[in-house]
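Engineer: I'll drop the sequence and a predicted model, then ask my questions.
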Amino acid sequence: TLRCDHPDIEAFIDAKRDPRRFRNFNLSVLAPDAFMAALEADADWPLVFEGRQVRTVRASELWRRLMQATYDAAEPGVIFIDQVNARNNLDYCETITASNPCGEQMLPPYGACLLGSINLARLVTSPFQPGAELDEGGLSELAHTAVRMLDNVIDLSRYPLKAQEKEAKTKRRIGLGVTGLADALVFCGVPYGSDAAAALTGRWL
């Protein structure tokens, strides 16, 4: 990640246009509230290093460049960093500075990402048949088991750095998601994207 007030921000935004650079990295630009306000006001935006303003750019031009790069190269992402920190329930003891590569989990320095998924399609009884439904009791039980398993993984893992181990074990971040949602809906005879699908997805989750 790089804050959008860093003097190298344009080079960072354009870095993934060269397919030979950062091939195994996901990049994100940190956009603070002040930048979004400058964008809305069509104002200039200062680029600062070590407390010294190096130059200014038009906020709208920087945003256009960022959006074009995201469209062209699917990178970098954007993290609205002040909003993330304002909503962090651990803000009393940490400052979020990044996310995991796919953006599911916001992370402080040395934070670790531990994710799991439940395959909803596997929980549908009698797919494509009249009365096909997702076993919601089974989903609930599986969610409890998965959370317990992920928490155990925190204690069983080996961490490259002591700071990572301390961060993981003291805050115990986990993320449990789902996969197979579209298949599960189709198996139940519910068109993906329909109002019924949204309601059913809300109930399952």
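Structural biologist: Happy to help now that I have it.
Engineer: C-alpha only now, for contacts and for neighbours.
Structural biologist: Fine.
Engineer: Run the chain-centre distance for stretch 17-33.
Structural biologist: 14 Å (CA atoms, centre = their mean, to the nearest Å).
Engineer: Checking the spatially most central residue of the chain next. Helix, strand or coil?
Structural biologist: Central residue of the chain (CA atoms, centre = their mean): G103, 1.8 Å from the mean position. Here G103 is recorded as coil under DSSP: H, G, I helix; E, B strand; the rest coil.
Engineer: residues contacting it?
Structural biologist: By CA atoms under 8 Å, 6 or more residues apart in numbering, the contact set of G103 is empty.
Engineer: Now the phi/psi pair for it, please.
Structural biologist: phi 80, psi 10 (degrees, to the nearest 10).
Engineer: Can you read off the pLDDT for it?
Structural biologist: You'll see G103 listed with a pLDDT of 83.
Engineer: Same check on A132?
Structural biologist: A132 is given a pLDDT of 96.
Engineer: Which residues are in contact with it?
Structural biologist: Residues near A132 by CA under 8 Å, 6+ apart: V124, T125, S126, F187, C188, G189.
Engineer: Each with direction, which strands does the helix or strand hosting V54 pair with?
Structural biologist: Element membership for V54, per DSSP states H and E: strand 52-58. Strand 52-58 has the following strand partners under DSSP bridges: strand 44-49 (antiparallel).
Engineer: what comes into contact with the strand it pairs with?
Structural biologist: 4-7, 35, 38, 53-59.
Engineer: Would you convert these into CSV that also reports pLDDT, distance to V78 and neighbour count?
Structural biologist: CSV is the format used below for the contacts of strand 44-49 (pLDDT from 0 to 100; distance: CA to CA, whole Å; neighbours: other CA atoms under 10 Å):
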residue, pLDDT, distance to V78, neighbour count
C4, 97, 10, 26
D5, 97, 13, 23
H6, 98, 15, 18
P7, 98, 17, 18
F35, 98, 12, 22
A38, 98, 16, 16
Q53, 97, 23, 13
V54, 97, 23, 13
R55, 96, 22, 14
T56, 97, 20, 14
V57, 98, 18, 14
R58, 98, 18, 15
A59, 98, 15, 22
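Engineer: Using JSON lines, please lay out the residues you listed together with distance to K162.
Structural biologist: JSON lines is the format used below for those (distance: CA to CA, whole Å):
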{"residue": "C4", "distance to K162": "30"}
{"residue": "D5", "distance to K162": "31"}
{"residue": "H6", "distance to K162": "29"}
{"residue": "P7", "distance to K162": "32"}
{"residue": "F35", "distance to K162": "35"}
{"residue": "A38", "distance to K162": "40"}
{"residue": "Q53", "distance to K162": "36"}
{"residue": "V54", "distance to K162": "36"}
{"residue": "R55", "distance to K162": "39"}
{"residue": "T56", "distance to K162": "40"}
{"residue": "V57", "distance to K162": "40"}
{"residue": "R58", "distance to K162": "42"}
{"residue": "A59", "distance to K162": "40"}
